[in-house]
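>>> My questions are about this predicted structure, shown below with the sequence.
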Number of protein chains: 2
Amino acid sequence: MELQSTDTIGALERLRAVKLRPTRQRLALAQLLFDTGDHHVTAETLYDQAQAAGVRVSLATVYNTLHQFTAAGLLREVVVNSACTYFDTNVTDHHHFFYEDRGTLADIDSADIDIRGLPEAPDGAKISRVDVIIRLT
Amino acid sequence: MELQSTDTIGALERLRAVKLRPTRQRLALAQLLFDTGDHHVTAETLYDQAQAAGVRVSLATVYNTLHQFTAAGLLREVVVNSACTYFDTNVTDHHHFFYEDRGTLADIDSADIDIRGLPEAPDGAKISRVDVIIRLT
DNA sequence: AATCAAATTAAAACGATTCTAAACTGTTGA
DNA sequence: TCAACAGTTTAGAATCGTTTTAATTTGATT
Ligand SMILES: [Mn+2]
Ligand SMILES: [Mn+2]
Ligand SMILES: [Zn+2]
Ligand SMILES: [Zn+2]
């Protein structure tokens, strides 16, 4: 008997862990996202990767899935311009280089930047995240 | 004889300094932007301020003017979300609090954040800017 | 005042993203 | 095994901030 690939098993378990029904589309997108190393995608780039891999999935589902994965903590959003939304498979605390020409991101480990004297959050506000973007030309 | 207000003179000189023809619309927008303290606007908020002040100007001209002022160095853009573009009358080196609920920004002086061990720009790239966004909820 | 480049504008177009509502599918329990 | 149903997918329409178009108006120059 034929075993499922370990990739499929990994994606399946990941979906189960966050209580998302493992549909054909979500399994395929999870493999594209999580079975390669950490990387950054937009809805369009992930949709194109799916097409290239022969996965039949609509752009609407790609958007739905990216948001569901983000809400589940499997992805995070990175805001670098108003043109499009980037999603990051690396959900650890880290920062980014942004290559403005190419529109690509590269990770900077949090330990590699030392931020001191971070101001207190004013009055009743709480800090939800600190983003450092180093823009490159 | 009646003198022009110092506000108008300030706006006029500012436009002349960057070689932008001082039209009625650009003078009025320059006053709204630069004669009050430093602040952050979107095209919509500035358009609304103009309406409220009785300035007749189209939204297209507000967009044109914001981009021209930015290209001239009178404004800078701040990217905090994909929903809309913020323009900042403070063009000195500084960072931002972003109140995610309200969609408003507050300045953090560059001297108040101490960033050490900023990674080198990879290979042939040059750092064009370092943005720190502290997101508040 | 005549001229002409520059600027303004209403309206249309654009494009990333979201919404709608109909079809489909995974899960469950009889 | 399979009916039932909630959850999911999808094509296509809608949304909305922003940009473009192309016609009109205006500011500067002579
Ligand atoms: Mn989102
Ligand atoms: Mn712009
Ligand atoms: Zn990253
Ligand atoms: Zn600012």
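Yep, that arrived. Residues are numbered from 1 along each chain as shown, chains lettered A, B, ... in the order given. Ligands and ions are numbered 1, 2, ... in the order given.
>>> now for the lengthiest strand in chain A, which elements pack on it?
Criterion DSSP state E: the longest strand present in chain A is strand A:127-136. Helices and strands touching strand A:127-136, as assessed by 3 or more C-beta pairs under 8 Å, 6 or more residues apart in numbering or on different chains; DSSP states H and E, comprise strand A:94-99, strand B:127-136. For glycine as for every other residue, the C-beta is placed from the backbone atoms N, C-alpha and C.
>>> Just name the most buried of those.
For the helices and strands packed on strand A:127-136, average neighbour numbers computed from mean count of other C-beta atoms under 10 Å in any protein chain shown are highest in strand A:94-99, which has a mean of 20.
>>> Pull up the gap between A:S58 and DNA strand C, please.
8 Å (C-beta to the nearest atom of the strand, to the nearest Å).
>>> Around that residue, how many other residues sit close by?
Using other C-beta atoms under 10 Å in any protein chain shown, A:S58 has 11 other residues around it.
>>> got it, and A:V62?
Neighbour number of A:V62 under other C-beta under 10 Å is 23.
>>> do the same with A:R56
Counted with other C-beta under 10 Å, A:R56 comes out at 10.
>>> That one belongs to a helix, doesn't it?
No. Counting by DSSP: H, G, I helix; E, B strand; the rest coil, A:R56 falls outside a helix, being coil.
>>> just to revisit the earlier point, tell me which of the helices and strands packed on strand A:127-136 lies nearest to ligand 4.
The closest of those to ligand 4 is strand B:127-136. By C-beta to the ion, the value is 10.5 Å.
>>> so how far is that closest one from its chain's centroid?
16 Å (C-alpha atoms, centre = their mean, to the nearest Å).
>>> Let me see the residues that make contact with it.
The contact list for strand B:127-136, computed with C-beta atoms under 8 Å, 6 or more residues apart in numbering or on different chains, reads A:79, A:100, A:115, A:118-119, A:121-122, A:125-137, B:78-80, B:95-100, B:108, B:113, B:115, B:118, B:121.
>>> do the same with stretch A:91-108
Stretch A:91-108 is contacted by residues A:38, A:40, A:73-76, A:78, A:80-81, A:83, A:86, A:88, A:90, A:109-110, A:113, A:131-137, B:119, B:121-122, B:125, B:128 when judged by C-beta under 8 Å, 6+ apart.
>>> how far off strand B:127-136 does the longest strand of chain A point, in degrees?
Strand A:127-136 runs at 170 degrees relative to strand B:127-136, counting by axes from the mean of the first three to the mean of the last three C-alpha atoms, to 10 degrees.
>>> got the CA positions of strand A:127-136 in PDB?
Extracted in PDB, the C-alpha atoms of strand A:127-136 (Å, rounded to 0.1, in the frame of the first residue of the first chain):
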ATOM      1  CA  ILE A 127       2.100  47.600  22.200                       C
ATOM      2  CA  SER A 128       0.900  44.900  19.900                       C
ATOM      3  CA  ARG A 129       4.000  44.700  17.800                       C
ATOM      4  CA  VAL A 130       7.200  46.600  16.900                       C
ATOM      5  CA  ASP A 131       8.000  46.500  13.200                       C
ATOM      6  CA  VAL A 132      11.400  47.500  11.800                       C
ATOM      7  CA  ILE A 133      11.600  47.800   8.000                       C
ATOM      8  CA  ILE A 134      15.000  48.600   6.400                       C
ATOM      9  CA  ARG A 135      14.300  49.800   3.000                       C
ATOM     10  CA  LEU A 136      16.900  49.100   0.300                       C
END
